[in-house]
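In: model this:
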Amino acid sequence: MSVTHLLDTTIVSALMRSDRAAAEHLLRADPNDVKVPQPVVAEIRYGLSRLPPSRRRSMLEDRLEVLLQSLERVPWSDEVSRVFGEVKADLEKRGTRVDDFDLAIAAHALVLGATLVTENTKHFRRVRGLSVESWA
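Out: Below you'll find the predicted structure:
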């Protein structure tokens with residue numbers, strides 16, 4: 001699976017909100033090289049489920065569906081689980097933490113050798129060996 005850029009939850013959310021900078025970066029990228037890990041989909045679905053029924057929620061759900069139709073998802077594999085465990089243990093030994101969903105997203109990027117695209121570069125730079133980029 002060829003992946004250059006793996007989108008995190010903050011970037012998918014930005015795209016759902018029609019953020020201009022994120023959209024311009026996505027349009028310049030090769031669509032075959034931009035993917036979304038399953039934990040991002042779970043976090044987005046959770047966030048949408050917390051919203052009360054409204055026109056805004058329906059609009060965001062529609063935008064998510066459009067994005068998911070155009071972006072391939074990356075499954076959670078045994079290799080991702082192994083890297084997740086190793087990175088979590090390393091962070092704990094260094095006295096720093098990253099929440100489990102963000103750590104799972106980072107593990108996907110590490111396994112694929114992809115650059116993680118996020119608005120939260122400072123947070124993800126705690127993960128050794130992770131290439132991070134902002135589209136904000």
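In: Going by C-alpha atoms from here, please, whenever you check contacts or count neighbours.
Out: Noted.
In: hmm, who's touching the host helix or strand of residue 82?
Out: Element membership for residue 82 (DSSP states H and E) is helix 78-93. Outside of helix 78-93, the residues within contact range by Cα atoms under 8 Å, 6 or more residues apart in numbering are 97, 98, 103, 104, 106, 107, 108, 110, 111, 126, 127, 128.
In: same question, stretch 20-34
Out: By Cα under 8 Å, 6+ apart, stretch 20-34 touches 2-7, 11, 14-15, 70-72, 135-136.
In: mind listing what's buried in the lowest-mean-pLDDT helix or strand in the chain?
Out: When the helices and strands of the chain are scored by mean pLDDT, DSSP states H and E, helix 121-124 comes last with a mean of 91. Residues of helix 121-124 classed as buried: residue 124 (neighbour count, 16 or more other Cα atoms under 10 Å).
In: quick one: strands adjacent to the next helix or strand after it?
Out: Heading C-terminal from helix 121-124, the first helix or strand you meet, by DSSP H and E, is strand 132-133. Here strand 132-133 is paired, per DSSP bridges, with strand 115-117 (parallel).
In: what helix or strand is residue 11 on?
Out: Counting by DSSP H and E, residue 11 is found in helix 9-16.
In: Tell me the first helix or strand C-terminal of that helix.
Out: helix 20-28.
In: List the buried residues for that next one?
Out: 22, 23, 26.
In: starting at the chain centroid, how far to the helix holding residue 82?
Out: 17 Å (Cα atoms, centre = their mean, to the nearest Å).
In: picking that back up, of all the buried residues of helix 20-28, which comes closest to residue 119?
Out: residue 22 (9.5 Å; Cα to Cα).
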